[in-house]
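Colleague: Output the structure for:
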Amino acid sequence: MEKLSLVLWQERELLDDLLFRLEVEQLVLASGRTNHLMRAARDVEATLQQLRETEVLRAVAADLAAEQLGLAPNPALSELAAASPEPWSTVLADHREAFESTTRRIMELADANRDLITSGYRSARETLMALGDPAPHAYSPDGSAVAAPTASRLLDRSI
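Modeller: Here you go, the predicted structure:
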């Protein structure tokens, strides 16, 4: 049980680290200073890779704990908590609650980041389209498209 608890602590720390890295990514996106966006995204991906590796360690430790408790392999954390004697029952239940809370916050933040990226992409695409060929901006009385007269455009190269 002690080995499982140690792996769970390590996984909780990585989830907190992922939450931090997602918050940094969100700040970069919200500020519009996208020159650091790739670095922020790499940091998120590196933390996700560490989490995947830790999940393997947790699965092995959970199977060993399940075997000691007479449970089937690949048990849920709630099953382990229910079958464990005190203090391990409380410790495992606390880990489970922390995982649920942190995972919920991570999902909310990831969704918000995805929305920021999507709106930024849409804005950039619309800006680039406006710089291209003149598109119809109005219609004539017979319903045919009429292009607006070509006008000079200024391009801000900081886009």
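Colleague: This structure: strands as residue ranges?
Modeller: 136-139, 145-147 (DSSP state E).
Colleague: Below-threshold pLDDT in the chain: ranges please.
Modeller: Applying pLDDT under 70 to the chain flags residues 120-140, 143-159.
Colleague: May I have the residues that are in contact with Glu11?
Modeller: Shown in contact with Glu11 (CB atoms under 8 Å, 6 or more residues apart in numbering): 51, 54-55, 58, 99. (Each C-beta comes from the backbone N, C-alpha and C, glycine too.)
Colleague: Which ones among these lie within helices?
Modeller: Of the contacts of Glu11, the ones assigned to helices by DSSP state H are 51, 54-55, 58, 99.
Colleague: Could I have the buried ones of the residues you listed as PyMOL selection syntax?
Modeller: PyMOL command restricting the ones in helices among the contacts of Glu11 to the buried ones, with burial defined by 16 or more other CB atoms under 10 Å:
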select buried, resi 51+54+58
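Colleague: wait, what's in contact with the residue nearest the centre of the chain?
Modeller: Here the mean C-alpha position of the chain is nearest to the C-alpha of Ala110 (CA atoms, centre = their mean), at a distance of 3.5 Å. Contacts were defined as CB under 8 Å, 6+ apart; by that measure Ala110 touches Leu22.
Colleague: What segments of the chain are helices?
Modeller: 2-31, 37-69, 77-83, 88-131.
Colleague: any chance of those helices in TSV, plus distance to Asp142?
Modeller: Shown next, in TSV, are those (distance: least, CB to CB, whole Å):
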stretch	distance to Asp142
helix 2-31	46
helix 37-69	48
helix 77-83	69
helix 88-131	26
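Colleague: Tell me which of the ones you listed lies nearest to Pro141.
Modeller: Among the helices of the chain, helix 88-131 comes nearest to Pro141, with 26.1 Å by CB to CB.
Colleague: ok so, going back, just give me the closest of the contacts of Glu11 to Pro85.
Modeller: So of these, ranked by how close each gets to Pro85 (CB to CB), first place is Arg58, at 20.4 Å.
Colleague: My guess is that closest one contacts Ser5. True?
Modeller: No - in this structure, Arg58 is not within contact of Ser5 by CB atoms under 8 Å, at 10.5 Å.
Colleague: ok so, going back, so which of the ones in helices among the contacts of Glu11 is the closest to Asn74?
Modeller: Arg58 (11.0 Å).
Colleague: which residues touch that closest one?
Modeller: By CB under 8 Å, 6+ apart, the neighbours of Arg58 are 4, 7-8, 11.
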